[in-house]
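Undergrad: pasting the sequence and the predicted coordinates here, then a few questions.
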Amino acid sequence: MKPIQTILCIGAGYVGGPTMVVMADRCPEYRFLLTDINADRLRAWQSGDPPIYEPGLKELLARILNRNLFFTSDADAAIEEADLIFVSVNTPTKTFGQGAGLAADLQYWEKTARQIKSRAHQPKIVVEKSTVPVRTAEAMERILNAGGGPRIEVLSNPEFLAEGTAIRDLLEPDRVLIGGPNTPAGRTAIEALVSLYAHWVPREKILTMDVWSSELAKLAANAFLAQRISSINALTGLCEMTGADITRVALAVGMDRRIGPRFLEAGVGFGGSCFQKDVLNLVYLCESQGLPDAARYWRQVVEMNLEQRRRFVRQMVSRLFNTLVDKRIAVFGFAFKPDTGDTRESPAISICRQLVEERARVVVTDPRALPNAQRDLADLGSAVTFDPDPYHAAEGAHAVALLTAWEEYRQLDYRRIFQNMVQPASLFDGRNALDHQQLFEIGFNVYPTGKPPLIHD
Ligand code: NAD
Ligand code: UGA
């Protein structure tokens with residue numbers, strides 16, 4: 001195989017876009033190409049105004065756009081030119097047929113593999129960046145090398161970035177994971193990818209292993225993170241009943257170095273496009289390998305997460321005198337976490353739907369996610385309205401429900417908000433992001449998560 005000169009990424013989404021931007025910045029001697037079937041997305045990238053919000057991304061893009069990073073809609077030509085191809089297309093949960101609701105839908109991945117096959121006139125390295133079930137690389141390898149033609153090596157290189165901190169995570173990863181076949185050609189391909197990352201990642205942080213361990217490690221890492229959130233959330237109801245404080249419990253538990261402090265923030269639970277999808281994927285893998293107990297164990301992580309959203313709404317109904325009919329509820333935050341406009345699987349989606357089922361009048365505010373929120377709730381019609389101004393959203397409301405811990409929500413003038421609400425005014429803090437004592441002193445009835453409520457007599 002000739003030395004690597006051109007690197008292509010297929011799929012310019014939350015992973016492909018930031019990853020190529022960082023790589024192009026750190027590896028100036030390579031030419032990077034990015035392609036996507038979504039022409040609007042490509043146009044936005046090409047204009048220098050990324051289609052996704054990610055702190056630091058726009059500035060970094062400006063440095064390398066059309067220097068050594070190029071966006072193209074001509075995927076066929078890009079595949080022909082590229083020596084190494086990252087595939088970071090979406091792999092959502094299957095909605096039909098076998099494994100519906102659990103397994104990963106690999107149709108986009110397989111289409112991409114076939115497209116690469118049809119345009120690969122020289123040996124290439126294909127790298128799976130998307131999160132895929134165990135043994136996907138093997139299937140792709142069979143498609144890519146069926147019927148002869150130039151040899152294509154398939155590597156697994158799962159991505160661990162989190163949205164909102166993608167640039168930092170890419171620049172300073174805890175580890176880079178590369179799985180590949182233990183053959184001479186496989187080892188050469190692994191070494192090529194290692195030397196790409198070694199431009200900015202210390203060698204000792206670059207792990208190499210077999211493909212299946214690499215694929216499973218990605219699912220396992222997400223399952224462990226999701227499990228921590230469900231574990232802490234599984235204690236919140238108990239705290240509310242008994243007067244214990246979940247933040248103190250988490251502090252005490254997390255100070256044990258064997259456990260560690262991160263991912264112990266209780267709240268309305270995890271959202272995002274990956275945790276639920278990847279845990280369910282693991283459930284499906286366990287089920288299909290005849291391991292029903294392991295499947296049930298992991299499924300409970302997702303069940304607990306869904307219950308946390310239901311419990312939040314049950315609490316709102318009971319605290320607001322057992323009826324939400326015609327009550328205005330201001331939802332503060334719709335993104336699945338702060339610093340992103342992404343709303344995929346956001347807890348806010350199901351919470352707003354449950355509030356509408358209770359016939360509340362819901363008004364949603366969010367600094368970045370309102371366009372996505374409008375799309376997610378389009379079918380609810382006039383039962384939900386959207387307002388970029390949190391003060392305005394809370395005017396005439398019976399309650400505020402905080403669902404995303406945006407920094408700006410900590411800085412608001414809650415006295416002003418309180419004065420314009422229907423009394424008694426309630427605040428349900430689904431992320432434990434605010435100063436509850438101060439809110440109580442202003443006059444709110446305050447309902448944190450996993451802590452005793454602060455209620456005026
Ligand atoms: P995304 O939906 O933001 O991006 C995927 C892109 O692929 C889309 O723009 C889509 O148009 C494009 N695409 C689909 N089929 C294509 C094809 N045949 N040719 C060209 N483009 C095609 O998804 P994402 O969030 O970037 O996730 C991608 C993968 O990375 C998933 O497997 C996900 O599990 C994994 N992952 C995501 C994150 C995250 O934080 N979002 C982190 C780590 C891993
Ligand atoms: C997560 C992982 O953190 C990444 O390592 C992984 O690469 C990515 O999934 C993926 O595979 O897609 P992401 O979903 O972007 O990243 O964001 P997280 O910071 O993990 O947050 C996920 C959800 O958990 C958010 O809704 C967040 O509010 C919630 N969360 C997080 C909690 O409820 N409590 C916590 O303590 C931490």
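TA: Alright, I've got the coordinates. Ligands and ions are numbered 1, 2, ... in the order given.
Undergrad: going by C-alpha atoms from here, please, whenever you check contacts or count neighbours.
TA: OK.
Undergrad: mind checking which helix or strand the closest residue to Thr343 other than its chain neighbours is in?
TA: Residue nearest to Thr343 in three dimensions, not counting chain neighbours: Ala335, with 4.6 Å by C-alpha to C-alpha, 6 or more residues apart in numbering. With elements taken from DSSP states H and E, nothing contains Ala335; it lies in neither a helix nor a strand.
Undergrad: so who does Ala335 touch?
TA: With contact taken as C-alpha atoms under 8 Å, 6 or more residues apart in numbering, Ala335 is in contact with Gly341, Asp342, Thr343, Ser346, Ala348, Asp366, Arg368, Ala369, Ala373, Thr404.
Undergrad: Ala330: neighbour count?
TA: Other residues near Ala330 number 29, with proximity taken as other C-alpha atoms under 10 Å.
Undergrad: in its sheet, which strands sit next to whichever helix or strand it is part of, and in what direction?
TA: Assigned by DSSP H and E, Ala330 belongs to strand 328-332. Next to strand 328-332 in the sheet, as set by DSSP bridges, lie strand 361-365 (parallel), strand 399-402 (parallel).
Undergrad: neighbour count and distance to Ile152 for the contacts of Ala335 - can I get that in a markdown table?
TA: Output for the contacts of Ala335, formatted as a markdown table (neighbours: other C-alpha atoms under 10 Å; distance: C-alpha to C-alpha, whole Å):
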| residue | neighbour count | distance to Ile152 |
| --- | --- | --- |
| Gly341 | 23 | 37 |
| Asp342 | 27 | 34 |
| Thr343 | 25 | 36 |
| Ser346 | 24 | 38 |
| Ala348 | 28 | 43 |
| Asp366 | 25 | 45 |
| Arg368 | 20 | 41 |
| Ala369 | 22 | 40 |
| Ala373 | 25 | 41 |
| Thr404 | 27 | 44 |
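Undergrad: ok, those vs ligand 1, which is closest?
TA: Relative to ligand 1, the closest of the contacts of Ala335 is Asp342; by C-alpha to the nearest ligand atom it sits at 8.8 Å.
Undergrad: before we move on, back to that, out of the strands paired with strand 328-332, which one sits most buried?
TA: Stretch with highest mean neighbour count among those: strand 399-402 (a mean of 26; mean count of other C-alpha atoms under 10 Å).
Undergrad: just the strands in this protein please.
TA: Secondary structure of the chain by DSSP state E: the strands cover 6-10, 31-35, 69-71, 84-87, 124-128, 152-156, 176-179, 206-209, 328-332, 361-365, 384-386, 399-402, 426-429, 445-447.
Undergrad: those strands into TSV, with extra columns for distance to ligand 2 and mean pLDDT?
TA: Shown next, in TSV, are these (distance: least, C-alpha to the nearest ligand atom, whole Å; pLDDT from 0 to 100):
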stretch	distance to ligand 2	mean pLDDT
strand 6-10	17	98
strand 31-35	20	98
strand 69-71	23	98
strand 84-87	15	97
strand 124-128	13	96
strand 152-156	14	96
strand 176-179	11	98
strand 206-209	16	98
strand 328-332	14	98
strand 361-365	17	98
strand 384-386	21	98
strand 399-402	12	98
strand 426-429	13	98
strand 445-447	17	98
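Undergrad: can I get those strands in a markdown table with distance to His199?
TA: Putting the strands of the chain into a markdown table (distance: least, C-alpha to C-alpha, whole Å) gives the following:
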| stretch | distance to His199 |
| --- | --- |
| strand 6-10 | 15 |
| strand 31-35 | 15 |
| strand 69-71 | 17 |
| strand 84-87 | 16 |
| strand 124-128 | 18 |
| strand 152-156 | 19 |
| strand 176-179 | 12 |
| strand 206-209 | 11 |
| strand 328-332 | 42 |
| strand 361-365 | 42 |
| strand 384-386 | 45 |
| strand 399-402 | 42 |
| strand 426-429 | 44 |
| strand 445-447 | 49 |
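Undergrad: show me the contacts for Met255.
TA: Counting by C-alpha under 8 Å, 6+ apart, Met255 makes contact with Pro261.
Undergrad: same question but for Met23, I mixed them up
TA: Counted by C-alpha under 8 Å, 6+ apart, Met23 has contacts Tyr197.
Undergrad: okay, and the helix or strand of the chain with the least pLDDT?
TA: Sorted by mean pLDDT, DSSP states H and E, the helices and strands of the chain end with helix 136-145, the least confident at a mean of 89.
Undergrad: quick one: that helix to strand 124-128, angle?
TA: For helix 136-145 against strand 124-128, the angle by axes from the mean of the first three to the mean of the last three C-alpha atoms, to 10 degrees is 150 degrees.
Undergrad: what's the spacing between helix 136-145 and its chain's center?
TA: For helix 136-145, the distance between its averaged C-alpha position and the chain's averaged C-alpha position is 27 Å (C-alpha atoms, centre = their mean, to the nearest Å).
Undergrad: just stretch 330-347 next, same as before
TA: Relative to the chain's own centre, stretch 330-347 is displaced by 11 Å; criterion: C-alpha atoms, centre = their mean.
Undergrad: so does it get close to ligand 1?
TA: No. With C-alpha under 6 Å from any ligand atom as the criterion, ligand 1 is not reached by stretch 330-347; the gap is at least 8.8 Å.
Undergrad: so what's Leu306 closest to, chain neighbours aside?
TA: Closest residue to Leu306 apart from its sequence neighbours, by C-alpha to C-alpha, 6+ apart: Gly269 at 7.8 Å.
Undergrad: what of Asn432?
TA: Leaving out its chain neighbours, Asn432 is closest to Pro448 (C-alpha to C-alpha, 6+ apart), at 5.8 Å.
Undergrad: could I get the phi/psi values of that neighbour?
TA: Geometry field for Pro448 lists phi and psi as phi -70, psi 180, criterion degrees, to the nearest 10.
Undergrad: who touches it in this structure?
TA: Phe428, Asp429, Gly430, Arg431, Asn432, His436.
Undergrad: okay, and the beta partners of Ala401?
TA: Beta-bridge pairing of Ala401 under DSSP bridges involves Val331, Phe428.
Undergrad: that one contacts Gly430, correct?
TA: Yes. Counting by C-alpha atoms under 8 Å, Ala401 sits close enough to Gly430 to count as a contact (6.8 Å).
Undergrad: spell out which parts of the stretch 101-250 of the chain neighbour ligand 2.
TA: For the stretch 101-250 of the chain, the residues found near ligand 2 under the criterion C-alpha under 6 Å from any ligand atom are Glu159, Phe160, Leu161, Ala162, Glu163, Ile229.
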